[in-house]
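Student: Below is the sequence, then the predicted model.
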Amino acid sequence: MKSKNEFTVRLDTQLYKKLLYVAEKENNSLNNHLLHIIRSNIQYYEKTHGKINAAALPLPDDTQEDNPENER
């Protein structure tokens, strides 16, 4: 099973309401809609700047502490 990371995003109320509205109109949950936006953004970035080797990138320190795979 793939590990999943969680993070908090702070949005003003108007932006949050609009994001919920768009997700609902596209028959998506808010989580799935955000994943779609994030994937689209990364795809665009890689198309213009080249592939990102995620395996070679470290996680931020606070994420590594919460990730049991990093315990030895």
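Tutor: Great, that's in hand.
Student: what stretches of this structure score poorly on pLDDT?
Tutor: 1, 62-72 (pLDDT under 70).
Student: May I see the buried residues of the host helix or strand of residue 37?
Tutor: For residue 37, the host element (DSSP states H and E) is helix 30-49. For helix 30-49, the buried set under the neighbour-count rule, 16 or more other CB atoms under 10 Å, comprises residue 33. Placement of C-beta: from N, CA and C, glycine included.
Student: Now find how far off-centre it is within its chain.
Tutor: Relative to its parent chain, helix 30-49 has a centroid offset of 8 Å by CA atoms, centre = their mean, to the nearest Å.
Student: Please apply the same query to stretch 51-64.
Tutor: That offset, for stretch 51-64, works out to 13 Å (CA atoms, centre = their mean).
Student: ok, now stretch 2-18?
Tutor: Worked out by CA atoms, centre = their mean, stretch 2-18 lies 9 Å from the chain centre.
Student: Repeat that for stretch 10-23.
Tutor: On CA atoms, centre = their mean, the centre of stretch 10-23 falls 16 Å from that of its chain.
Student: re the thing from before, and the contacts of the helix holding residue 37?
Tutor: With CB atoms under 8 Å, 6 or more residues apart in numbering as the contact definition, helix 30-49 has outside contacts at 19, 20, 22, 23, 26, 28, 52.
Student: Identify the farthest-apart pair in the residues you listed.
Tutor: Among those, the pair separated by the greatest distance (CB to CB) is 20 and 52, at 29.3 Å.
Student: export the one helix or strand residue 14 maps to as CSV, just CAs?
Tutor: Per DSSP H and E: residue 14 is located in helix 13-25. Only the C-alpha atoms of helix 13-25 are listed here, as CSV (Å, rounded to 0.1, in the frame of the first residue of the first chain):
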residue,chain,number,x,y,z
THR,A,13,-13.5,31.7,3.1
GLN,A,14,-14.3,33.1,-0.3
LEU,A,15,-11.6,30.9,-2.0
TYR,A,16,-12.7,27.9,0.0
LYS,A,17,-16.3,28.3,-1.0
LYS,A,18,-15.4,28.7,-4.7
LEU,A,19,-13.2,25.6,-4.5
LEU,A,20,-16.0,23.5,-3.0
TYR,A,21,-18.4,24.9,-5.7
VAL,A,22,-16.1,23.9,-8.5
ALA,A,23,-15.4,20.4,-7.0
GLU,A,24,-19.2,19.8,-6.7
LYS,A,25,-19.9,21.0,-10.2
